[in-house]
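> Following is a predicted model, sequence given first.
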2 protein chains.
Amino acid sequence: MTPNRYSQRMNTMKSSAIRDLLHYATLPGMIYLAGGLPAPESFPVETFKAACDTVLDEVGAQALQYGTTEGYKPLRKCLAERMRNLKGIACGGDNVILTSGSQQALEMIGKLFIDYGDIIVLESPSYLGAIQAFDLYAPRYVTVPMDEQGIIIEELDRILQIVTPKFIYTVPTFQNPSGRTMSLERRKQLIALAEHYDVVVVEDDPYGELRYTGEPVPPIKAFDTTGRVIYLSTFSKILSPGIRLAWVVASEEFVRRITLIKQATDLCTSTFLQYAVYEYCQSGVMEEQIEKIRAMYRVRMETMLAALDRYFPKEGVSWTAPEGGMFLWVTLPDAVDVEDTLKEAVANKVAFVPGTSFYVDGRPHSTLRLNFSNAIPEQIEEGIRRLAEIVRRRLEEIA
Amino acid sequence: MTPNRYSQRMNTMKSSAIRDLLHYATLPGMIYLAGGLPAPESFPVETFKAACDTVLDEVGAQALQYGTTEGYKPLRKCLAERMRNLKGIACGGDNVILTSGSQQALEMIGKLFIDYGDIIVLESPSYLGAIQAFDLYAPRYVTVPMDEQGIIIEELDRILQIVTPKFIYTVPTFQNPSGRTMSLERRKQLIALAEHYDVVVVEDDPYGELRYTGEPVPPIKAFDTTGRVIYLSTFSKILSPGIRLAWVVASEEFVRRITLIKQATDLCTSTFLQYAVYEYCQSGVMEEQIEKIRAMYRVRMETMLAALDRYFPKEGVSWTAPEGGMFLWVTLPDAVDVEDTLKEAVANKVAFVPGTSFYVDGRPHSTLRLNFSNAIPEQIEEGIRRLAEIVRRRLEEIA
């Protein structure tokens, strides 16, 4: 077949490093800290089954029919109420659209805004899945550095003085990959800058409910009085990722346009799953379920932080101290080859994601993303111990 | 907000006429022949519930976890086997990818092939949802006329002598909107032409199982020896559209590329629903279910054809005589304004889809798409009677 058979976007598409590492996950004895999977033992199988049964018993035929593109109205209202009460976001059901996972929301945001060569501002590092989704529409990225408080606002200001991006993409709470949380002050500064320069903000918040220590910070969307923040969240981390159900909260204009895009993209999200999740939400078990997940992941996060402190070399090595979420981020000296380190780690039956995938500059980065939600504490402890040995050897080599 | 805030594709996107008619569906007394909805009373609620329960009881945690992008392996194998046995398509599990409805498959095919201005060949008329999906990537369309045997091959040949399209899109069996089926001979001629000109064929087959009269014709894919046909089918019409589950059968190269695209588009299709549908397929009730649907829709189709014959004027008016599917297609004299006819029809509590939406030439067309799967026979009879009166008046006006 002729090489120009495909669209140009196929020339640059590459598979996610995270997905490509997945085949290691099932090797016997492997301690897999590379994924972003929730703990399967946390899934509320019984209560979700009860919800499915109720839906099929009571409104089976409706639940199995096509639904509206925006999503099931009672679920939209219920999510709006939850976002108002829990997050301080001023919204109603008409501000909510259901999507087939947040990945679909990111892809549709790409469709909505990006023409070839348009500028998008990303945090550095940034979420790999978002980069993949936006890449489909071939933007140029401008990245803004972060510190422990999140995006460095002065740097963002400097960027916005020079370029007009289609939007700023941020994961401000327990960021994937870094685990960092943007401070309250920075959030307020970010929204003020976005208003000043008339820029849209895409706030991706899959982990917001997974806080284990410290004080909750409202989402950036809670400070949005001009309808410029598109807020994304998901049931993947608080109920199940296998149901592929997420939601967007945005101005009615944005919701209308995303609906138009969704119509052409997949008509609608599963009616049955929306009914089932609505029933699940109504049954009142959600908060208990989230508490259960928090308690489970808190132990895992603390185990990983304690193991890092116990086993890892301190000289030239640092790591983030998240207060929630699923990830933390280790920075090694620049001279360490992280791809080589991964190979050695895999040979020693422990896997992580090399940080390079989370940057768009194409340069190698001596950073590691570690996941603490999927492995049990004993594995986390042992995995960090193994990794520490390898890192120690690498440091000796470059010394 | 500045008008160039959005991508250029938003300038031309419009909502589907079919979706926009939907609000008429719920008006009291309305006989709704405008949709493309399966009969909700056909859905196998009880057996599907049993399948969901079995999955959640036996492998609940796995079913609620993220899955592979290509889809659940046993379901891919099971669909390949079904396509081999039922359709004569030479394929294995590696040739199958699960999608979130066929709409998603169409959209991903757009991503895979279409750069701005690329040529796509469509049947005229063609399926509206496909046009919407492809429109996202701004192709130019070249249309090929049809007769009762499907695409006119000589016309297609003439087109392919002049242009090299990225692909030919066809719904050869019980086409939406026309209800026509491409003859066996034409299918063989089409694949021969596609080989001669080295062109990809996208064969969309949502209705293939819904044959009520006449002899089955193998899909075009069954004659594909060079891996150039991408075949699409779906559970929407034989089980439920509310589960959003469809599949693509294609060469391993195409499957690999579509998988890469799907990864960036929505990561994966619902694991839980794939497990549940696999369980449903294994339970052996599928053939019985399809038989039930066929028996139900056959009566509805025959009722509509008989009512057209009884009530409709014959002079200058014609309609297709499908052997299956969900639609038939009425052609009125060019002078009849079909949009006006729709207004009068709605005032008389019967709705159809004006044919204009199924053409890409932007000109008005005096054709009507009528759906016979969703209304009960008594409604179909009465709906056609009402419509006939209106059409008769319109014909008198232009006489």
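Arrived safely, thanks for sending. Residues are numbered from 1 along each chain as shown, chains lettered A, B, ... in the order given.
> What ranges in chain A fall below the confidence cut-off?
Residue ranges of chain A with pLDDT under 70: A:1-3.
> could you point out the longest strand in it?
Longest strand in chain A, counting residues (DSSP state E): strand A:140-147.
> need the strands for chain A, in chain order.
Assigned by DSSP E, the strands in chain A fall at A:31-32, A:96-99, A:119-124, A:140-147, A:150-151, A:167-170, A:200-204, A:229-234, A:246-249, A:318-319, A:327-331, A:350-351, A:353-354, A:367-371.
> and of those, who's closest to chain B?
strand A:200-204 (7.2 Å; CB to the nearest CB). Quick note: C-beta positions are derived from backbone N, CA and C, even for glycine.
> got the angle for that closest one vs strand A:119-124?
For strand A:200-204 against strand A:119-124, the angle by axes from the mean of the first three to the mean of the last three CA atoms, to 10 degrees is 40 degrees.
> helices and strands around strand A:200-204, which ones?
In terms of contacts (3 or more CB pairs under 8 Å, 6 or more residues apart in numbering or on different chains; DSSP states H and E), strand A:200-204 is packed against helix A:101-113, strand A:167-170, helix A:184-196, strand A:229-234.
> contact partners of it?
A:102, A:106, A:109, A:113, A:127, A:130, A:166-172, A:190-191, A:194, A:219-221, A:224, A:228-232, B:5 (CB atoms under 8 Å, 6 or more residues apart in numbering or on different chains).
> repeat that with 6 Å
For strand A:200-204, contacts defined as CB atoms under 6 Å, 6 or more residues apart in numbering or on different chains pick out A:109, A:167-171, A:194, A:219-221, A:228-232.
> tell me which parts of the stretch 201-350 of chain A are close to chain B?
With CB under 6 Å from any CB of the partner chain as the criterion, the stretch 201-350 of chain A meets chain B at residues A:240-244, A:260, A:263-267, A:270-272.
> ok so, going back, I'd like the strands of chain A written out as JSON lines, with mean neighbour count added.
Converted to JSON lines, the strands of chain A look like this (neighbours: other CB atoms under 10 Å in any protein chain shown):
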{"stretch": "strand A:31-32", "mean neighbour count": "22"}
{"stretch": "strand A:96-99", "mean neighbour count": "26"}
{"stretch": "strand A:119-124", "mean neighbour count": "22"}
{"stretch": "strand A:140-147", "mean neighbour count": "16"}
{"stretch": "strand A:150-151", "mean neighbour count": "26"}
{"stretch": "strand A:167-170", "mean neighbour count": "27"}
{"stretch": "strand A:200-204", "mean neighbour count": "25"}
{"stretch": "strand A:229-234", "mean neighbour count": "26"}
{"stretch": "strand A:246-249", "mean neighbour count": "26"}
{"stretch": "strand A:318-319", "mean neighbour count": "16"}
{"stretch": "strand A:327-331", "mean neighbour count": "22"}
{"stretch": "strand A:350-351", "mean neighbour count": "26"}
{"stretch": "strand A:353-354", "mean neighbour count": "24"}
{"stretch": "strand A:367-371", "mean neighbour count": "25"}
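> Any idea which of those strands gets closest to B:Arg310?
strand A:96-99 (44.3 Å; CB to CB).
> Which neighbours in the sheet does the closest one have, and how are they oriented?
Partners of strand A:96-99 in the sheet, by DSSP bridges, are strand A:246-249 (antiparallel).
> returning to that earlier point: between the residues of the stretch 201-350 of chain A next to chain B, which is closest to A:Asp198?
A:Leu260 (22.8 Å).
> How far off centre is stretch A:311-330?
Computed by CA atoms, centre = their mean, to the nearest Å, the chain-centroid distance of stretch A:311-330 equals 18 Å.
> Same check on stretch A:121-141?
13 Å.
> How about stretch A:104-116?
Taking CA atoms, centre = their mean, one finds the center of stretch A:104-116 at 16 Å from the center of the full chain.
> returning to that earlier point: now, the most widely separated pair of the contacts of strand A:200-204?
Farthest apart among the contacts of strand A:200-204 by CB to CB are A:Val171 and A:Arg228. That separation is 17.4 Å.
> out of these two, which sits in the busier spot?
A:Val171 (27 against 23; other CB atoms under 10 Å in any protein chain shown).
> What residues does the stretch 1-150 of chain A have near chain B?
Close to chain B, as judged by CB under 6 Å from any CB, the stretch 1-150 of chain A has residues A:7-8, A:13, A:15, A:37, A:40, A:43, A:45, A:49, A:52, A:56, A:60-61, A:63-66, A:100-101, A:103-104, A:107, A:113-115, A:132-133, A:136.
> Show only the entries of those found in helices.
When DSSP state H is applied, the residues of the stretch 1-150 of chain A next to chain B are split such that A:45, A:49, A:52, A:56, A:60-61, A:63, A:101, A:103-104, A:107, A:113, A:132-133 fall in helices.
> Now tabulate these in TSV and tack on neighbour count and distance to A:Thr320.
Shown next, in TSV, are those (neighbours: other CB atoms under 10 Å in any protein chain shown; distance: CB to CB, whole Å):
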residue	neighbour count	distance to A:Thr320
A:Val45	18	33
A:Lys49	18	38
A:Cys52	26	39
A:Leu56	23	44
A:Gly60	21	47
A:Ala61	15	50
A:Ala63	28	43
A:Gly101	28	26
A:Gln103	25	24
A:Gln104	24	29
A:Glu107	29	28
A:Phe113	23	30
A:Gln132	26	23
A:Ala133	27	24
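> Please give the number of neighbouring residues around A:Val299.
Residues lying near A:Val299 (other CB under 10 Å) number 15.
> What count of nearby residues applies to the nearest residue to it once chain neighbours are set aside?
Spatial nearest neighbour of A:Val299, excluding adjacent residues (CB to CB, 6 or more residues apart in numbering or on different chains): A:Pro377 at 5.8 Å. Residues lying near A:Pro377 (other CB under 10 Å) number 17.
> isn't A:Pro377 right up against A:Thr303?
Yes: in terms of CB atoms under 6 Å, A:Pro377 counts as a neighbour of A:Thr303; the distance is 4.2 Å.
> hmm, back to that, among the residues of the stretch 201-350 of chain A next to chain B, which are located in helices?
Among those, the ones falling in helices (DSSP H) are A:260, A:263-266, A:271-272.
> Only the buried subset of those residues, as a PyMOL command please.
Command for PyMOL that selects the buried part of those, burial taken from 16 or more other CB atoms under 10 Å in any protein chain shown:
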select buried, chain A and resi 260+263+264+265+266+271+272
